[in-house]
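In: Starting from these lines, generate the structure:
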Amino acid sequence: CSCLLTYHVNCMNVGLGVLRAAIFPANSRNIRNLWLDYNNLTELEARVFKNMKYLKLLSLSNNYVTELNPLLFSDLSRLKYLDLRNNCLMSPLHNDVFRSLGQLLTLKLDYNKLTTFDSKILTPIANNINEITLSNNPFVCDCRIRDTVEWFKTYELSSTATCAYPNAGESWQTLTFTGH
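Out: Prediction:
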């Protein structure tokens, strides 16, 4: 890893595999930006970021993470930018995974394996979020995705998400639902 003024830590492409809390020293609380891309990460230990109370940017893109522990981001109340693109995240994500991220502005979830996405997961970040990217996920666009599509419209966020089934390629922007 390389550090710049101890605030910016680049640990990209160092082959970590599993991310455990023990990898970060106690003084890691000063880290503001942390890049962990391209590390073949498959597992992120719960509360691995517990000492990083001032973290504003966290990038975990281009790894093999399949799930997010509901406590993973629980100590990151100042986080503004979270990049989880190009992983293997599968539905459903736990409803509490973003609970502590009330200051989050940008959430990137493109190129995962999400088939559903519950709008309840977005409630804690609703007040400040201005970008959520979900493109290239195999979403099943049936009645279970309705609340999420409507949530995006309510909060006036555009979505690049498309359906994989039943209408492959149809944009969330053009989806309409009938009935209850």
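In: ends of stretch 96-115, how far apart?
Out: Start-to-end span of stretch 96-115 (C-alpha to C-alpha, to the nearest Å) is 18 Å.
In: Off-centre distance for it?
Out: The chain centre lies 3 Å from the centre of stretch 96-115; the measure is C-alpha atoms, centre = their mean, to the nearest Å.
In: next one: stretch 169-180
Out: With C-alpha atoms, centre = their mean, you get 24 Å for stretch 169-180.
In: average model confidence for it?
Out: In this model, stretch 169-180 has a mean pLDDT of 85.
In: buried residues in it?
Out: Buried residues in stretch 169-180, counted by 16 or more other C-beta atoms under 10 Å: 170, 172, 175. All C-beta spots, glycine's among them, are computed from the backbone N, C-alpha and C.
In: Tell me which residues touch Gly179, please.
Out: Not one residue lies near Gly179 by C-beta atoms under 8 Å, 6 or more residues apart in numbering.
In: From the buried residues of stretch 169-180, pick the one nearest Pro70.
Out: Proximity of these to Pro70 (C-beta to C-beta) peaks at Trp172, which lies at 25.3 Å.
In: which SS class is Ile132?
Out: strand (DSSP: H, G, I helix; E, B strand; the rest coil).
In: Apart from its chain neighbours, what residue comes closest to it?
Out: Excluding the flanking residues, the one nearest Ile132 by C-beta to C-beta, 6 or more residues apart in numbering is Leu107, at 4.8 Å.
In: The one you found belongs to a strand?
Out: Yes: Leu107 forms part of a strand when assessed by three-state DSSP.
In: Show me what it is bridged to.
Out: For Leu107, the beta-bridge assignment (DSSP bridges) gives partners Leu82, Ile132.
In: count of residues packed around it?
Out: By the criterion of other C-beta atoms under 10 Å, Leu107 has 20 neighbours.
In: Renumber starting at 40 from here on
Out: Got it, the first residue is 40 from now on, which makes the last one we talked about Leu146.
In: From Ser130, how far off is it?
Out: From Leu146 across to Ser130, the span is 16 Å (C-beta to C-beta, to the nearest Å).
In: Can you pull out the low-pLDDT segments for this protein?
Out: Within the chain, the segments meeting pLDDT under 70 span 40-45, 219.
In: give me every residue that touches the residue positioned nearest the centre of the chain.
Out: By C-alpha atoms, centre = their mean, the chain has its centre lying nearest to Leu123, at 4.7 Å. Each residue near Leu123 by C-beta under 8 Å, 6+ apart is listed here: 99-100, 104, 107, 146-148, 151.
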